[in-house]
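Trainee: Quick check, what structure comes out for this input:
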Amino acid sequence: MPIKKKDRKKFLETIENKKDAKLNPEQKLSLCMIVKNEEKLLPQCLKSVENVVDEIIIVDTGSTDNTVEIAKEFGAKVYFQEWEGDFAKARNESLKYATGDWILVLDADEVLSENAQTNLRTFLVDVDFEVNYFIRIKNLNQNDIVSSQNYMVRLFKNTAQTKFYGKIHETVVSHINNMINISDENISIIHHGYKSDVVKEKNKYFGRNMLILEDILKDEDMNDFYKGYFNFYLGSHMSDKKDIDLAIQHLRKSIDFLIDQKNEFLIYPYIRLMETLFVAKKYNELKDIILEAQEKFKDIEKTYEFWYFYGGLDFEEEKYSDALIKLKKCHEVYHDKELEYSRKATFNYIYFFSLYSIINTYIKLDDKENALKYLKQALSESLQYGEISYELSLISTYPLLGEFNEAISLYEKLLDREKDDKELKRIVFTKLSNLYLKTNQFAKAIKAQSEIQNPEDVKENWYYLIRMLEDEKLFLAVEEAYGAILEVLPQETNSFMGRAVARLIQNKQVDALSDLAFAKKYTKSEDDLLKIALLYLQVGQLNQAKNCLESLALVPENYLANLYMANIEQMENNVTGAKKRLETLINLFPDDTRAYIQLGNLFVNYKLIDPALTIFEKVRELDKTNPYVYYVLTLCYLEKNNKNEARLSLNEALKLAPNDEALLNLKKAVV
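Mentor: Below is the predicted model:
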């Protein structure tokens with residue numbers, strides 16, 4: 001037997017106690033939809049109602065894609081109606097064909113939440129009176145985060161009296177006001193329509209919807225409630241379009257039409273107008289609206305959004321203590337389940353912004369302890385609601401409080417938790433890169449940057465950073481930074497060479513030699529091979545150096561290769577070979593003094609003073625600015641006991657390098 005209207009209490013108890021999707025099999029549920037060109041979104045919508053509804057009724061208003069075929073694949077009964085610019089008319093057409101006891105209404109960009117798929121039929125109780133259920137609509141942003149929520153009648157008893165009203169933003173009306181709010185947060189409809197890709201697809205309908213709204217408002221016989229209702233939506237559209245002046249104008253009209261009726265819908269235009277003025281930084285006008293709302297619609301104080309904008313206004317006016325009181329009131333109202341109005345407008349992001357603003361207000365008041373206290377609480381709540389974008393904003397506050405390591409730890413945990421979110425990884429690695437640099441974790445900074453940029457494109461920046469570390473003689477950090485580069489560019493010769501030098505300076509010769517071996521293996525440049533050879537020479541690895549140089553030195557014109565080979569030959573006591581090679585270089589490059597100097601040093605080492613003098617006097621003719629040449633000439637003249645020439649050479653050397661210790665010591669011998 002159906003529950004009678006007089007037994008409403010029993011009805012409410014019944015739906016509260018039923019938690020099984022298989023209940024109420026005798027109650028038939030019809031899904032009613034209107035669609036046009038929804039082939040991308042319709043499958044996921046219909047998939048979400050499988051095993052929930054008993055029939056699917058779809059009215060197509062002119063699709064040119066595969067929408068109709070997809071609907072039929074899901075067993076839908078498809079009907080056609082030409083679009084006449086009237087959503088309510090199309091909706092009511094779909095109701096005509098419904099045979100169910102109850103009707104569920106969805107749009108193609110919506111799906112039933114998982115919990116709703118399990119428990120929605122709980123509410124299909126056999127009653128003999130009209131029932132209209134408000135269901136929570138969760139609006140997702142691009143990151144699949146709930147950015148806002150609202151309630152709409154989407155499940156109702158199928159009666160002849162229940163119809164939709166309104167050419168756009170249509171609402172369910174019936175001859176009685178028997179509205180029941182399904183407060184369970186998990187029983188909801190997930191709306192994907194605010195995602196950027198969906199919005200882009202739907203933008204072609206934006207102008208159409210605007211024209212419908214403007215046409216509706218031309219009806220002078222429309223009652224004040226609907227004038228307020230439709231002005232609200234027109235103002236909201238204008239606000240989304242960033243046409244601020246028109247948005248303010250229509251939202252103001254909406255309030256004026258509704259104010260005398262004290263209708264609770266007045267919450268929406270007031271809150272949306274405050275939001276529009278706040279975002280546009282029209283603070284004087286915002287203050288006027290806030291004071292007006294307090295005076296004329298006292299219930300506005302039962303909404304958390306009101307307290308956020310009021311507190312935000314105080315913050316902008318640098319009244320931080322006053323702002324703190326109001327922002328905490330926002331927090332209090334949001335959590336007060338006794339307040340009927342506390343969730344009416346349900347712009348979730350505003351509540352999160354209020355917590356963020358409390359933290360920043362404490363920062364302005366130089367109260368780090370309370371800022372950190374609320375920051376920890378806000379992070380906990382953001383995890384509960386899955387607000388990743390909000391979580392990012394909160395974590396970025398820690399560095400402002402000097403808590404760099406805490407920020408790093410939280411970012412790293414976030415990355416570990418959201419491994420597959422590419423856009424999030426880009427944002428977080430950018431943040432981490434900066435924090436690693438701030439905390440002198442240079443190797444980690446390089447690795448973070450390599451996650452978001454092509455290493456080949458940014459490696460010069462990394463080398464610039466390393467050069468600064470080398471200038472500061474931070475060789476352990478240099479070694480680690482080169483190691484980080486090699487993790488992402490495993491054949492980067494310059495990094496192997498650079499790390500080898502850093503390791504040599506730290507007396508890590510075995511590791512340095514390993515790096516040089518890899519550098520030689522991967523190098524494709526003669527210049528790099530020469531650098532590797534020079535490093536081998538500096539650590540006394542003559543055979544390795546020679547191995548790098550042999551093929552290069554076969555070309556006599558390869559100056560540096562032959563210069564280094566001559567050095568090796570000299571160290572191996574192959575004086576003849578070294579002398580011959582250097583003389584060849586001098587003949588090929590008579591203006592380059594390096595081979596002269598090396599040959600002259602060879603003669604000095606073997607006490608061949610006359611040929612040494614000849615060489616260095618030639619170098620002096622080529623380069624009169626090298627103090628070393630005058631120094632060696634001084635030594636040679638002293639060996640020849642020619643103190644006069646020695647004195648002249650030393651004086652020239654001291655002119656060029658007056659503070660050189662070796663020259664100053666030599667001066668005593670000359671005197």
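Trainee: helices and strands of this structure: which one has the lowest mean pLDDT?
Mentor: In the chain, the helix or strand scored least confidently by mean pLDDT, DSSP states H and E is helix 196-202, which has a mean of 51.
Trainee: and Val105, bridged to which residues?
Mentor: In this structure, Val105 bridges to Cys32 when assessed by DSSP bridges.
Trainee: and it, what does it touch?
Mentor: By CB atoms under 8 Å, 6 or more residues apart in numbering, Val105 lies in contact with Leu31, Cys32, Met33, Arg91, Arg154, Leu155. Placement of C-beta: from N, CA and C, glycine included.
Trainee: ok, now Ile34?
Mentor: By CB under 8 Å, 6+ apart, the contact set of Ile34 is Ile58, Val59, Asp60, Thr61, Phe87, Ala90, Arg91, Glu93, Ser94.
Trainee: ok, now how distant is Thr576 from Gln570?
Mentor: 10 Å (CB to CB, to the nearest Å).
Trainee: I'd say Lys227 and Phe257 touch.
Mentor: Yes: counting by CB atoms under 8 Å, Lys227 does reach Phe257; the two are 4.4 Å apart.
Trainee: Which residue of those two possesses the greater neighbour count?
Mentor: Ranked by neighbour count (other CB atoms under 10 Å), Lys227 and Phe257 place Phe257 first, with 23 against 19.
Trainee: List the residues that contact the more buried one.
Mentor: Asp224, Phe225, Lys227, Gly228, Asn231.
Trainee: Are we agreed that Tyr374 is in a helix?
Mentor: Yes: using DSSP: H, G, I helix; E, B strand; the rest coil, the assignment for Tyr374 is a helix.
Trainee: mind listing what it touches?
Mentor: By CB under 8 Å, 6+ apart, the contact list for Tyr374 reads Leu355, Ile358, Ile359, Tyr362.
Trainee: Pretty sure His331 is one of the things the first one touches, is it not?
Mentor: Put plainly, it is Leu355. Yes: using CB under 8 Å, Leu355 makes contact with His331 at a distance of 6.6 Å.
Trainee: Mind checking which of the two has more residues around it?
Mentor: Leu355 (24 against 21).
Trainee: of Thr576 and Gln570, who's got more company?
Mentor: Ranked by neighbour count (other CB under 10 Å), Thr576 and Gln570 place Gln570 first, with 21 against 9.
Trainee: What about Glu73, how many residues nearby?
Mentor: Glu73 is flanked by 12 other residues according to other CB under 10 Å.
Trainee: Can you point out the buried residues in stretch 415-433?
Mentor: By neighbour count on 16 or more other CB atoms under 10 Å, the buried set for stretch 415-433 is Leu415, Glu418, Asp421, Leu424, Lys425, Ile427, Val428, Phe429, Lys431, Leu432, Ser433.
Trainee: Including distance to Leu529, could these go into TSV?
Mentor: Converted to TSV, the buried residues of stretch 415-433 look like this (distance: CB to CB, whole Å):
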residue	distance to Leu529
Leu415	40
Glu418	45
Asp421	44
Leu424	44
Lys425	38
Ile427	42
Val428	40
Phe429	35
Lys431	40
Leu432	37
Ser433	33
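Trainee: Hmm, Gly483 is touching Gly498, no?
Mentor: No: contact between Gly483 and Gly498 fails when scored by CB under 8 Å: they sit 10.1 Å apart.
Trainee: CA-only coordinates of the host helix or strand of Val333, as CSV, when you get a sec.
Mentor: Secondary structure assignment for Val333, by DSSP states H and E: helix 320-335. The C-alpha atoms that make up helix 320-335 are tabulated as CSV, following Å, rounded to 0.1, in the frame of the first residue of the first chain:
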residue,chain,number,x,y,z
TYR,A,320,43.5,43.1,9.4
SER,A,321,42.0,42.6,12.9
ASP,A,322,38.5,43.3,11.6
ALA,A,323,39.1,41.0,8.6
LEU,A,324,40.2,38.2,10.9
ILE,A,325,36.9,38.3,12.8
LYS,A,326,34.8,38.2,9.7
LEU,A,327,36.9,35.5,8.0
LYS,A,328,36.6,33.3,11.1
LYS,A,329,32.9,33.9,11.0
CYS,A,330,32.9,32.5,7.4
HIS,A,331,34.6,29.4,8.7
GLU,A,332,32.1,29.1,11.6
VAL,A,333,29.0,29.5,9.4
TYR,A,334,30.3,27.0,6.8
HIS,A,335,30.6,24.3,9.5
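Trainee: Lovely, talk soon.
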